[in-house]
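K.L.:
3D, please:
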Amino acid sequence: MLTNRKSKYYLNLFLDLLLLNFCFVISAVLSQNLNILLERNYMFILMAVLNFVWYFTSNVSSFYEDFYIRSYSYQLINIIKNISAQLVFAVFFIFITKEDLFTRNFIISYGFLLWLTVSIRIQLLKKISVKYKSKKQNLKNVIIAGAGEVGKNFLNLITVRKDLGFNFIGFADDKIDDDKIICKLNQIEETINKYAIDAVIIALSLESTTEMERIIKICNKHALRVHIIPDFFRYVSKKYQINMIADFPIITVRNEPLSETHWRFVKRTIDIIISGIVIMLIFPWLLPILFFLNLFTSRGPLFFIQDRVSNANNFFRCYKFRTMQTENNLSDKFIPTAKDDPRITKLGKWLRKTNLDELPQVINVFKGEMSIVGPRPHPKAYNKLYEVFVDEINIRGWVKPGITGWAQVHGYRGDVNDYEENKKRIKKRIEYDLWYIENWSFWLDIQIMLLTFWQMIRGKNKGI
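P.N.:
Alright, predicted model coming up:
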């Protein structure tokens, strides 16, 4: 049922921590004999630390969220993330303690066994739970009050999610004509007695407050569990948050991980480290080479500086290596760059193909105007056009713009001349940007950086 979500979380976590400790001991015994492990009892400090690491990384990666409906291929990514963190901490601990026996064999065995046992646990527990909840005697008879869009969407959910343990009896509604409606709203009490109902789901519109109160009173009278799905949730992001401020429940329409100070600190620290390394180690030799290549291939400055959108009301000076002829570097018109655009210089073609034209933006990152990963900032001239296409575009301003982003690694970079096609691309790009904002994590940023680097090597990454 809906009320045992925490129990499932703690069960899954408890089993995984048991498996973690089991794999640790087995791997240590396989690497050396048990006596050596017992002699070097500081290794058990590492085991305790790895338990805390698993607890932390599993929560950060939402490893146990929607456990029963996610495919194993999706879960595998999270398993690898969590195990990678385990191995990094284990290697660091072994290095600090100068351990010379529990090294490579132990690390490999531990990582493999942890992956194998957790994967088996996931599949077994999933099958057992679904089989148990699907048995007729374990199903809970449920009525959905409200046969509108929200009610029907919930019906689709409980039809697919057998693990929730609901047996749908029918809808109760006054206004809608549907063959699944078994009674009017004022007949719910009689229907509860007739069908031995165990729970009522209220999915009525906001105007039906009186009906909601009456149904809740009836459910309380018959000691039934009642769940309310607010009608306005159809306007809310799937990543909403519910908090309490004093005695008031507050629903935040969109989840925003980077609103937390500690995560902003982590992201900013990474930005400073990476941009600082590029500025100090790459720029000193790359800039002179590009300066002379630019000198011999086209007239004009090496850098191109353009106003780009930071958020709804702010702009910043964005740095790039110049890739087009100086007379065509227009920042006040919407002129998409075509694949074989004659305005692009010879050096510019190579810079755009490798995406190195975006590299000077590490200066913007170091200054705090951008981040390594985030929604790509578009030119100031494009802002009005984009606002016509997508109402939610200004939400992108909740986070700093990035050199690369979730949309870019999925191929949504740049614009095209065809109006309708460009409209579709922009909508899709911003859809990916909003998903990134709501689902941000440290590991997601690492994943985007690695994908970007791989695309740069393949020459598949083209920017705006």
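K.L.:
for residue 205, which non-adjacent residue is spatially closest?
P.N.:
Nearest non-adjacent residue to residue 205, counting by CB to CB, 6 or more residues apart in numbering: residue 231, 4.8 Å away. Heads up, the C-betas are built off the backbone N, CA and C, glycines and all.
K.L.:
quick check: the one you found touching residue 150?
P.N.:
Yes. Judged on CB atoms under 8 Å, residue 231 makes contact with residue 150 at a distance of 5.7 Å.
K.L.:
please identify every residue contacting each of those two.
P.N.:
Shared contacts of residue 231 and residue 150 (CB atoms under 8 Å, 6 or more residues apart in numbering): residue 203.
K.L.:
where does the stretch 51-200 of the chain have low pLDDT?
P.N.:
For the stretch 51-200 of the chain, the stretches with pLDDT under 70 are 66-74, 133-134, 136-137, 163.
K.L.:
thinking again about what came up before, so what's the residue count around the residue nearest to residue 205?
P.N.:
For residue 231, the count of nearby residues is 19 (other CB atoms under 10 Å).
K.L.:
what residues are up against it?
P.N.:
Counted by CB under 8 Å, 6+ apart, residue 231 has contacts 148, 150, 203-206.
K.L.:
likewise for residue 114?
P.N.:
By CB under 8 Å, 6+ apart, the contact set of residue 114 is 19-20, 23, 83, 86.
K.L.:
same thing with residue 87?
P.N.:
Residues near residue 87 by CB under 8 Å, 6+ apart: 107, 110-111.
K.L.:
gap between it and residue 452?
P.N.:
24 Å (CB to CB, to the nearest Å).
K.L.:
ditto for residue 434
P.N.:
19 Å.
K.L.:
and residue 429, how many neighbours does it have?
P.N.:
28.
K.L.:
that one and residue 406 touch, don't they?
P.N.:
No. In this structure, residue 429 is not within contact of residue 406 by CB under 8 Å, at 9.5 Å.
K.L.:
which ones among the contacts of residue 231 lie within helices?
P.N.:
Taking DSSP state H as the definition of helices, the contacts of residue 231 contribute residue 150.
K.L.:
list the contacts of the residue lying closest to residue 190 once chain neighbours are set aside.
P.N.:
Nearest residue to residue 190 in three dimensions, chain neighbours excluded: residue 183, at 7.2 Å (CB to CB, 6+ apart). For residue 183, the contact set (CB under 8 Å, 6+ apart) comprises 170, 172, 190-191.
K.L.:
in ChimeraX, select just the buried ones from the residues you listed.
P.N.:
In ChimeraX, a selection of the buried entries from those looks like this (16 or more other CB atoms under 10 Å):
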select :170,172,191
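K.L.:
from the contacts of residue 183, which single one is nearest residue 350?
P.N.:
residue 170 (65.7 Å; CB to CB).
K.L.:
state the three-state secondary structure for the closest one.
P.N.:
Here residue 170 is recorded as strand under DSSP: H, G, I helix; E, B strand; the rest coil.
K.L.:
how much space between residue 174 and residue 148?
P.N.:
Taken as CB to CB, the span from residue 174 to residue 148 is 11 Å.
K.L.:
who has more neighbours, those two?
P.N.:
The neighbour comparison of residue 174 against residue 148 (other CB under 10 Å) goes to residue 148, with 18 against 15.
K.L.:
isn't the more buried one right next to residue 206, touching?
P.N.:
No. With contact defined as CB under 8 Å, residue 148 does not reach residue 206; the gap is 11.5 Å.
K.L.:
residue 99 touches residue 45, doesn't it?
P.N.:
No. Applying CB under 8 Å, one finds residue 99 not in contact with residue 45, separated by 11.4 Å.
K.L.:
so between those two, which is more surrounded?
P.N.:
Neighbours were counted for residue 99 and for residue 45 using other CB under 10 Å; residue 99 has more, 16 against 11.
K.L.:
where do the strands sit along the stretch 301-450 of the chain?
P.N.:
Secondary structure of the stretch 301-450 of the chain (DSSP state E, counting those that start in this stretch): strands at 303-311, 314-321, 371-373, 402-404.
K.L.:
meant to ask about the stretch 51-200 of the chain, not that
P.N.:
Remark: strands assigned in the stretch 51-200 of the chain by DSSP E, counting those that start in this stretch are 140-145, 166-172, 181-183, 199-202.
K.L.:
turn the ones you listed into TSV, including distance to residue 354.
P.N.:
Shown next, in TSV, are the strands of the stretch 51-200 of the chain (distance: least, CB to CB, whole Å):
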stretch	distance to residue 354
strand 140-145	55
strand 166-172	54
strand 181-183	61
strand 199-202	54
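K.L.:
residue 360 is nearest to which of those strands?
P.N.:
strand 199-202 (55.2 Å).
K.L.:
pLDDT value on residue 366, please?
P.N.:
Per-residue confidence (pLDDT) for residue 366: 95.
K.L.:
test my guess that it contacts residue 279.
P.N.:
Yes. Judged on CB under 8 Å, residue 366 makes contact with residue 279 at a distance of 6.3 Å.
K.L.:
quick one: average pLDDT of stretch 315-335?
P.N.:
Computed over stretch 315-335, the mean pLDDT rounds to 74.
K.L.:
which among the contacts of residue 231 end up buried?
P.N.:
148, 150, 203-205.
K.L.:
residue 264: which of the residues you listed is nearest?
P.N.:
The closest of those, once distances to residue 264 are taken by CB to CB, is residue 150, at 34.7 Å.
K.L.:
find the nearest non-adjacent residue to that closest one, please.
P.N.:
That would be residue 203: by CB to CB, 6+ apart, it lies 4.4 Å from residue 150.
K.L.:
also residue 139?
P.N.:
The shortest distance from residue 139 to any non-neighbouring residue, by CB to CB, 6+ apart, is to residue 167 (3.9 Å).
K.L.:
quickly note the distance from the one you found to residue 154.
P.N.:
Computed as CB to CB, the residue 167 to residue 154 distance reads 14 Å.
K.L.:
go through the contacts of residue 114 and name the one nearest residue 445.
P.N.:
Lowest distance from residue 445 to the contacts of residue 114 (CB to CB) belongs to residue 83, with 18.9 Å.
K.L.:
contacts only, for that closest one.
P.N.:
Shown in contact with residue 83 (CB under 8 Å, 6+ apart): 111, 114-115.
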